[in-house]
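1. Predicted model follows, preceded by the sequence.
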Amino acid sequence: MINKIWGFFIIVGISVCLLTNKISIINDEILSSGQQALDMIIKLFPVIALWLGIMKIAVTSGLLNKLSNLLSPLLKKLFPEIPKGHESLNYISSNIIANMFGLGSAATPFGLKAMESLQKLNKNKDTATRSMITFLVINTSGVTIIPTTIISMRMMHKSINPTCIIIPCIIATALATIGGVIMDRILARRCNNK
């Protein structure tokens, strides 16, 4: 669906430029946006590589398992349908921890593995389970302690204080997660009562 929307925007933009005889604008935008994208990738790559390296060290050293164990009591309450010791709980906790450090690109493989593992527990394969929905809510609204990508972009655009957004980001993402989990529980109860 999003591909169709973007395709529509592109076709309309090109059509308007052709009708108003401003084809040079298309050329300028294509060239400048390509350069901007390359500059952003070059500037963001070191920070993302650093945090991915730290995450790899955390996995290798066993720190990630220790952090996962700290999350396990909370995960048992959030995901009561998942059997104790199931691999999906490790993937879920790894995804949550990666998101906490603002590593969406590192969190994605854990999230995909978690959903794949949750699908194995699913008896009705064409319908998402309560655990899948809860995980999706938590993954989407996840608490972020260190928003590395945002900080990197603020540094790239020469912000005076690129880290000043850490506290507001923690508050906003914590409230989003709490609100999302509350809505998830309300809607799950409503569906179970029908």
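-> That came through fine.

2. Low-confidence regions, this structure specifically.
-> Applying pLDDT under 70 to the chain flags residues 193-194.

3. At which residues are the helices of it located?
-> Applying DSSP state H to the chain gives helices spanning 2-19, 23-61, 63-78, 87-100, 104-121, 130-141, 148-156, 166-193.

4. Deepest in the core, which of those helices is it.
-> Among those, helix 87-100 has the highest mean neighbour count (mean count of other C-beta atoms under 10 Å), at a mean of 23. To be clear about C-beta, it is placed using only N, CA and C from the backbone, and glycine gets the same treatment.

5. helices or strands up against that helix?
-> Helix 87-100 sits against helix 63-78, helix 104-121, helix 130-141, with contacts defined as 3 or more C-beta pairs under 8 Å, 6 or more residues apart in numbering; DSSP states H and E.

6. Would you format these as a markdown table with distance to Met155 included?
-> Listed next are the helices and strands packed on helix 87-100 as a markdown table, based on distance: least, C-beta to C-beta, whole Å:
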| stretch | distance to Met155 |
| --- | --- |
| helix 63-78 | 26 |
| helix 104-121 | 17 |
| helix 130-141 | 25 |
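
7. Hmm, Leu89 is touching Glu81, no?
-> No - applying C-beta atoms under 8 Å as the test, Leu89 and Glu81 come out as separate, 11.2 Å apart.

8. Next, find the distance separating Ser61 from Ile96.
-> Using C-beta to C-beta, to the nearest Å, Ser61 is found at 19 Å from Ile96.

9. quick revisit: what's the closest of the helices and strands packed on helix 87-100 to Arg185?
-> Checking the helices and strands packed on helix 87-100 against Arg185 by C-beta to C-beta gives helix 130-141 as the closest, at 8.5 Å.

10. angle of that closest one against helix 87-100?
-> Orientation of helix 130-141 against helix 87-100 (axes from the mean of the first three to the mean of the last three C-alpha atoms, to 10 degrees) gives an angle of 10 degrees.

11. what are the phi and psi angles of the residue sitting furthest away from the middle of the chain?
-> Distance from the C-alpha centroid of the chain, by C-alpha atoms, centre = their mean, peaks at Asn21 (41.1 Å). Taking degrees, to the nearest 10, you get phi 60, psi 40 for the backbone angles of Asn21.

12. How about Gly102?
-> phi 70, psi 30.

13. ok, so what distance separates it from Trp51?
-> According to C-beta to C-beta, Gly102 stands 7 Å off from Trp51.
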